[in-house]
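**Q** this is the structure alone, sequence omitted:
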């Protein structure tokens, strides 16, 4: 965060899942995510009334103005006001690089925008915070406003680089929420299972991430996950257990610098997602995604599958790095040439 001439900044990063998709929906499950170069920057400065501008819609609205495009942000600001116990008013500007020309890329913009706002407002209010506090605030808002999910995108948006995330125990957290009225008490309570930590890879690997041009409705895929759990309980346990082991394995291999093992584990993660598809009917890869992955030593989907971002992995002469291309036409052109 930065502060200059009474203007403060909060920064949050877009994310890509490298490992742990779907399994991360379960308590204590693990995932590995990476930030992307694109980010969201929120600025806050004093004003006579609270207004919100964002580059996605290119308009300014009042905090209490009825506008469906700003409802989540407006509600989150009011939620933060309860946490800060402040009646200050300010001008908020949100600069969003995670969307372009109304295109959704699947980079976790909904989580990142709340993270950037929380960082900016708490800085403006001169309230100390750390990454765990920001994660808990955004997650608590989501859970109390019927926004479900793993919250992995929230964890990954906190910092630049790789993030290991272990999901909290949802039942125990819901008990804490139900038994405590004060937001600060909930935030300051231990959340059983929650782990967020940066990973510093030594492995020389390049990730070639491409937008497929196909927008995925993650909620529909998660719905299929939940619908099939009871019918395939044994298979689900196998899938989740395998995923968690592979995530831990991948982290160890990245940190130890074993490139060949990294590529092998990526392919095992892909195989495990195919296993999930075999009994859940959750679509994982389009034909174009399969072709793209086939052009690299290792590869897989990022996120819920059947669109958004596809990943290719290869050894590199340099340090671990990510190359993200969001040009749909270029992706299609490359696929036609394969």
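**A** The structure has been received and is ready for your questions. Predicted model, so just to flag it, every value in this text is computed and none were measured.
**Q** show me where the stretch 151-300 of the chain has its strands.
**A** For the stretch 151-300 of the chain, applying DSSP state E, counting those that start in this stretch gives strands covering 162-166, 195-199, 205-211, 298-302.
**Q** mind listing what's buried in the second one?
**A** Okay, so that is strand 195-199. Neighbour counts over strand 195-199 (16 or more other Cβ atoms under 10 Å) mark 196, 199 as buried. Using the backbone N, CA and C atoms, a C-beta is placed for each residue, glycine as well.
**Q** skipping adjacent residues, who's closest to residue 299 in space?
**A** Spatial nearest neighbour of residue 299, excluding adjacent residues (Cβ to Cβ, 6 or more residues apart in numbering): residue 293 at 3.4 Å.
**Q** next one: residue 48
**A** In this structure, residue 48 finds its nearest non-sequential neighbour in residue 89, 6.4 Å apart by Cβ to Cβ, 6+ apart.
**Q** related to what we said a few turns ago, mind listing what the residue nearest to residue 299 touches?
**A** 270, 285, 299, 300, 310, 311, 312 (Cβ atoms under 8 Å, 6 or more residues apart in numbering).
**Q** between these, which sits nearest residue 123?
**A** residue 311 (33.8 Å; Cβ to Cβ).
**Q** what sits up against the longest helix seen in the chain?
**A** As assigned by DSSP state H, the longest helix anywhere in the chain is helix 233-256. Defining contact as Cβ under 8 Å, 6+ apart, one finds that helix 233-256 is touched by 18-23, 26, 29-32, 162, 164, 199-203, 205, 228-229, 261-262, 265-266, 268-269, 272, 275-276, 279, 320.
**Q** same check, this time on stretch 46-65
**A** Contact partners of stretch 46-65, identified using Cβ under 8 Å, 6+ apart, comprise 6, 67, 69-70, 73-74, 77-78, 88-96, 99, 102, 113.
**Q** which pLDDT value belongs to the residue of the chain most remote from its centre?
**A** Distance from the C-alpha centroid of the chain peaks at residue 48, with 34.0 Å (Cα atoms, centre = their mean). Residue 48 carries a pLDDT score of 95 in this model.
**Q** A helix includes it, no?
**A** No - Residue 48: not assigned to a helix; according to DSSP: H, G, I helix; E, B strand; the rest coil it is coil.
**Q** would you list the phi and psi of it?
**A** When read as degrees, to the nearest 10, the backbone of residue 48 gives phi -70, psi -30.
**Q** most widely separated two among the contacts of residue 293?
**A** The distance between the two most remote of these (Cβ to Cβ) is 12.7 Å, for 285 and 312.
**Q** quick one, helices of the stretch 1-150 of the chain?
**A** Remark: helices assigned in the stretch 1-150 of the chain by DSSP state H, counting those that start in this stretch are 71-84, 109-124, 131-143.
**Q** just name the most buried of the ones you listed.
**A** Comparing the helices of the stretch 1-150 of the chain by mean neighbour count (mean count of other Cβ atoms under 10 Å), helix 109-124 ranks first with a mean of 25.
**Q** and the angle from that one to helix 131-143?
**A** 130 degrees (axes from the mean of the first three to the mean of the last three Cα atoms, to 10 degrees).
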